[in-house]
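Student: need coordinates for the below:
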Amino acid sequence: MKIVDSSVLKEWYDSEYSACNNGALFGELREEFKQFLSTLPDGPGDALELGCGDGRNLTALARKGYSLSGVDMVDSTVQSRQLNPWLKDLNFQQADILTYEPLREGYDVLVCSEVLHFFNKDELQTVMAKIIGAVKPGGYIFLDLLSDLSRYFQASGEPFIWDKEAGLSVLDSEGLFDAWLGDFDIYASRHFFDKQSWPLSDSANLPIAPYTWQGTYVSVCARKRK
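Tutor: Presented below is the predicted three-dimensional model:
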C-alpha cells in the first residue's frame, strides 16, 4: 500500500479550483444536504461552512436567507465569488481548519461536509470541539464522515492512502458522532455510497497522478439544545 504525503492536497485543490472557469467544481447538491436544508427554518441567521469548496452548499443557504461565512485551505471560491451572485457577500477566509478559530456560539447553521476524513483521530477531536462550540444554542449542524474509504491510481490500479487520515469504518463514524454530539439532538442520519474519479477539472501539472476513490458517507443532521 503506497502512502502519499497529504501536503500535496493543497496544491491539488488550488489547481482544480483555479482551472474551473465556471465556478462550480462540485456540481449538484447531495441528497443528504437537501434533506438538511428542508429542515432548516428560513433566515435571517448566520451560517458557516468549514471546507466550503466552491460554495455549492453556501449558495443553498443564501437562498434561504442566511448570511454566509466560509473557510477553506485554498482560495476555493476564487471563481465562484465572481460568477455566483449568491456569494457576492460571502465572508471568505483562507485558513487551515485545524488552526482556525470560529466565533464561539456565533452561528445558527454550521456545515462541515466532505472534509473530516482528511484528519487523523487526534485532529478530529480538536476540530469537532471547535465545531460544537461555534453553534448557537438552538442552532443546526450538518456533518459527514467518509468511511470505509479506499483509493487507487487510475493508470496502475495501485491502492494508496494519505499519510494523515483517520481511516474510519461506518461503525466508527456512527460512534464518533454519538460521542461528539451529546449536546445535540440528532434528528436524521444517512449512509450514502459514493465513487469518484479525480481530477474533476482540466487542471494540468497536478502533484499526483489521477486517482479514483470510493467509500460511504455517514451524515448527521442535528440541533443544539437550548
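
Student: quick check, Val78 in contact with Cys20.
Tutor: No - Val78 lies out of contact with Cys20 (CB atoms under 8 Å); the separation is 9.1 Å. In this view, the C-beta of every residue, glycine as well, is placed from N, C-alpha and C.

Student: which of the two has more neighbours?
Tutor: Cys20 (22 against 16; other CB atoms under 10 Å).

Student: need the contact list for that one.
Tutor: By CB atoms under 8 Å, 6 or more residues apart in numbering, Cys20 lies in contact with 54, 79, 200-201.

Student: again, but for Asn205
Tutor: Ser15.

Student: so which strand or helix has it?
Tutor: Assigned by DSSP states H and E, Asn205 belongs to neither a helix nor a strand.

Student: one step back: now, which of the contacts of Cys20 sits nearest Leu103?
Tutor: When the contacts of Cys20 are compared for distance to Leu103 (CB to CB), Asp54 comes out closest, at 23.5 Å.

Student: now do the contacts for that closest one.
Tutor: Neighbouring residues of Asp54 by CB under 8 Å, 6+ apart: 17, 20, 23-26, 76-77, 79-80.

Student: ok, back up a step: between the contacts of Cys20, which sits nearest Ile97?
Tutor: Within those, proximity to Ile97 (CB to CB) peaks at Asp54, which comes in at 16.8 Å.

Student: are we agreed that that closest one is in a helix?
Tutor: No - with DSSP: H, G, I helix; E, B strand; the rest coil as the criterion, Asp54 is coil rather than part of a helix.

Student: what's the separation between it and Leu110?
Tutor: Look at Asp54 and Leu110: by CB to CB, to the nearest Å, they are 18 Å apart.

Student: ranges for the strands of the chain?
Tutor: Taking DSSP state E, the strands of the chain run over residues 2-4, 46-50, 67-72, 91-94, 107-112, 135-153, 160-162, 184-198, 211-224.
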